[in-house]
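Undergrad: Please find the sequence and the predicted model below.
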Amino acid sequence: MVVVRTLLIVGALLLVAAVLGLLDYSATAVWVLVTGLCSLIAYDTVYLARLHHWSGLPRKRELPIGIGAWGQILDRISRFMRQDAIERGDTAAELERLHAAVDLLPDGLVVLDRFDHVQWSNRAAQRIHGIFGTRRPIDHFVRQPEFLEYLRANNFSEPVALSLPGQQGRVFAMKIEPTVDAYRLLITRDITDANLLEQVRRDFVANVSHEIRTPLTVVSGFVETLMEIEMPHEEQIRCLELIKRQTVTMERLVEDLLTLSSLESANLKAEASEVAIGPLLQTLIADSRVVSAGRHKIEASIEAVESVMGVSSELDSAIRNLLTNAVRYTPDGGSIAASWRVVNGEGVLAVTDTGIGIAAEHLPRLTERFYRVDRGRSRDTGGTGLGLAIVKHVAQRHQARLEIDSRIGVGSTFRLHFPKALVIMPTRLRQSAELTEPQTDS
Ligand SMILES: Nc1ncnc2c1ncn2[C@@H]1O[C@H](COP(=O)(O)OP(=O)(O)OP(=O)(O)O)[C@@H](O)[C@H]1O
Ligand SMILES: [Mg+2]
């Protein structure tokens, strides 16, 4: 470059001297200038050719090294490329993090192009639909007629709900959302649990309405009769007694519902205290004898002094429900036995009766709200079908296990197994044991 520059300067000086008439080297000056200009063009051409060659390489290598002005230009390009590589690296890392996060989503996500070919899918979509690779049409993986119809209809305001092969018993909602550049996002969500919850909620509302409507119809019928028909005093009393019975049923229903909702919302640990199960069972057995009014032989066997860490009112309610059931579903003359024992540190409370028993197929559903083996019979005896649901919730809150053994016509046994951690020696007994322990001199 220095040579070219020198040639150009010398040529220019000779030309000026020739023009001023100082030297007569005009031909030499032109020759030197032309040589300089040609060298300059050749120099630039070489660099342009090298740059052109470099730009055609599949993976960008280091830029050719230049000198002079070209050196500065190439140096700037090189710096710009390094900066760009750093930024691109950052973007790639960012993209990788984003993919990893999207892969953790439980919903399936598939990016579709304008021809509904898979462009990208997350792990959940690959698991749910068996998608692998890209560029295959989505209907290659999702062949359900409902979905194909949904795709064809081109109306994506609502999702389509369907079950998928290999995902037995589960329901999925699939929805297409438009994104940028005619790309679309296919979202697949497992809505089995939400559906189930919604079903439970609907059943619950229907059950409560039904349970309240039945006594209400009876009450309003009798009230109308009392208002419209003249009847003797005894007859009126009989009607009022029937009304009273129905209102008691409604009151019990509301009470049980409130108990259930408080069991679901309250925090056990905050309210837990030492509950002496033996004395509690004695009291409840005495109450059951009153309810039975001598129709059954009712016995209690308290073999353990241990208490349970829990909520007294809840344990009272659970045991009372078990005893009420035993009385209610045991024909006159039958026997009922309740016991409290500690076996291998576990507290076992059992209520056994010689009643009508329960067929095996009903056992798994017995603790569902409003579930009754014989609706008519239970209602006749004033049952709302919430008793065992309460027992189950109390058991769950005390980490206890409810076990049911029953045989039709022979009788039933309901057992609550309290875990070791909650079964404790009462403080009163612990303290007196400590007092009677021999003192050792230190
Ligand atoms: N000891 C038992 N012997 C036979 N059947 C029983 C016994 N305990 C419960 N059942 C059956 O289980 C069903 C559910 O019992 P649950 O205590 O939940 O409701 P309920 O007794 O009908 O009403 P309530 O809400 O007043 O207790 C009963 O309707 C009855 O059919
Ligand atoms: Mg009951």
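TA: Received the coordinates, thanks. Ligands and ions are numbered 1, 2, ... in the order given.
Undergrad: Give the buried residues for stretch 146-156.
TA: The neighbour-count check on stretch 146-156 (16 or more other CB atoms under 10 Å) flags Phe147, Tyr150, Leu151, Phe156 as buried. Any C-beta I mention is one placed from the backbone N, CA and C, and that applies to glycine too.
Undergrad: Over to stretch 182-196?
TA: Buried residues in stretch 182-196 (16+ other CB under 10 Å): Arg184, Leu186, Ile187, Thr188, Arg189, Asp190, Ile191.
Undergrad: follow-up on the earlier one: quick check, nearest of the buried residues of stretch 146-156 to ligand 1?
TA: Ranked by distance to ligand 1 (CB to the nearest ligand atom), the buried residues of stretch 146-156 are led by Phe147 at 42.3 Å.
Undergrad: show me what contacts the closest one?
TA: Counting by CB atoms under 8 Å, 6 or more residues apart in numbering, Phe147 touches Asp139, Val160, Leu162, Met174.
Undergrad: Can you read off the pLDDT for it?
TA: Per-residue confidence (pLDDT) for Phe147: 94.
Undergrad: Could you pick out the residues of the stretch 251-400 of the chain near ligand 1 for me?
TA: Taking CB under 6 Å from any ligand atom as the criterion, the stretch 251-400 of the chain approaches ligand 1 at residues 256, 321, 325-326, 328-329, 353, 355-358, 366, 371-374, 378, 383-389.
Undergrad: Recalculate using a threshold of 5 Å.
TA: 325-326, 329, 355, 358, 372-373, 378, 383-388 (CB under 5 Å from any ligand atom).
Undergrad: tell me the SS of Asp24?
TA: coil (DSSP: H, G, I helix; E, B strand; the rest coil).
Undergrad: Outline the domain layout of the chain.
TA: 2-61, 106-190, 198-265, 269-427 (automatic domain parsing).
Undergrad: Low-confidence ranges, the stretch 151-300 of the chain, go.
TA: 266-270 (pLDDT under 70).
Undergrad: give me the residue from it nearest ligand 1.
TA: For the stretch 151-300 of the chain, CB to the nearest ligand atom, closest residue to ligand 1: Asp256, 5.7 Å.
Undergrad: Using the three-state scheme, assign that residue.
TA: Three-state assignment for Asp256 (three-state DSSP): helix.
Undergrad: Identify the residue spatially nearest to it, adjacent ones excluded.
TA: Leu386 (4.0 Å; CB to CB, 6 or more residues apart in numbering).
Undergrad: Over to that neighbour: give its phi and psi.
TA: phi -110, psi -10 (degrees, to the nearest 10).
Undergrad: Same question for Ser406.
TA: Torsion angles, degrees, to the nearest 10, at Ser406: phi -150, psi 150.
Undergrad: where's it relative to Leu284, distance?
TA: Counting by CB to CB, to the nearest Å, the separation of Ser406 from Leu284 is 21 Å.
Undergrad: tell me which residues in stretch 352-368 are buried?
TA: So, applying 16+ other CB under 10 Å, buried residues of stretch 352-368: Thr352, Asp353, Thr354, Gly355, Ile356, Gly357, Ile358, Leu366, Thr367, Glu368.
Undergrad: typo on my end, stretch 12-31
TA: Result for stretch 12-31 [16+ other CB under 10 Å]: buried residues Leu14, Leu15, Ala18, Tyr25, Ala29.
Undergrad: Sort out which of the residues you listed are in helices and list them.
TA: Leu14, Leu15, Ala18, Ala29 (DSSP state H).
Undergrad: Could you tell me which residues make contact with the second one?
TA: Taking CB under 8 Å, 6+ apart as the criterion, Leu15 is in contact with Ser26, Ala29, Val30, Leu33.
Undergrad: ok, the nearest residue to the first one once chain neighbours are set aside - contacts?
TA: I take that to be Ser26. Excluding the flanking residues, the one nearest Ser26 by CB to CB, 6+ apart is Ala18, at 3.7 Å. The neighbours of Ala18, taking CB under 8 Å, 6+ apart as the test, are Asp24, Tyr25, Ser26, Ala29.
Undergrad: got the contact list for the third one?
TA: For Ser26, the contact set (CB under 8 Å, 6+ apart) comprises Leu14, Leu15, Ala18, Val19.
Undergrad: Reformat these as CSV; add distance to Val102 and pLDDT.
TA: Formatted as CSV, the contacts of Ser26 follow (distance: CB to CB, whole Å; pLDDT from 0 to 100):
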residue, distance to Val102, pLDDT
Leu14, 73, 78
Leu15, 71, 76
Ala18, 77, 78
Val19, 76, 79
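Undergrad: filter those residues down to the ones close to ligand 2.
TA: When the contacts of Ser26 are checked against ligand 2 using CB under 5 Å from the ion, none falls in range.
Undergrad: Could you report the neighbour count for the residue in the stretch 301-442 of the chain that ligand 1 sits nearest to?
TA: Relative to ligand 1, the nearest point of the stretch 301-442 of the chain is Gly387 (2.3 Å; CB to the nearest ligand atom). By the measure other CB atoms under 10 Å, the count of residues near Gly387 is 23.
Undergrad: element containing Ala49?
TA: Taking DSSP states H and E as the definition, Ala49 sits inside helix 26-55.
Undergrad: in that helix, what's buried?
TA: Ala29, Val32, Leu33, Thr35, Gly36, Ser39, Tyr43, Tyr47, Arg50, Leu51.
Undergrad: same deal with stretch 339-350?
TA: Within stretch 339-350, the residues scored as buried using 16+ other CB under 10 Å are Ser339, Trp340, Val342, Glu346, Gly347, Val348, Leu349, Ala350.
Undergrad: picking up where we left off before, of the buried residues of stretch 146-156, closest to ligand 2?
TA: Phe147 (46.7 Å; CB to the ion).
Undergrad: Quick check: the gap between the closest one and Asn154.
TA: For Phe147, the distance to Asn154 - CB to CB - is 13 Å.
Undergrad: List the contacts of the residue of the stretch 151-300 of the chain found nearest ligand 2.
TA: Ligand 2 sits closest to Asp256 of the stretch 151-300 of the chain, with a gap of 9.3 Å, by CB to the ion. Applying CB under 8 Å, 6+ apart, we find Asp256 in contact with Thr384, Leu386, Gly387, Ile390.
Undergrad: Pretty sure Arg372 is one of the things the second one touches, is it not?
TA: It refers to Leu386. No - contact criterion CB atoms under 8 Å: Leu386 and Arg372 do not qualify, at 9.9 Å.
Undergrad: which outside residues touch stretch 292-301?
TA: 281-282, 285, 288-289, 327, 330, 332-340.
Undergrad: That'll do, ta.
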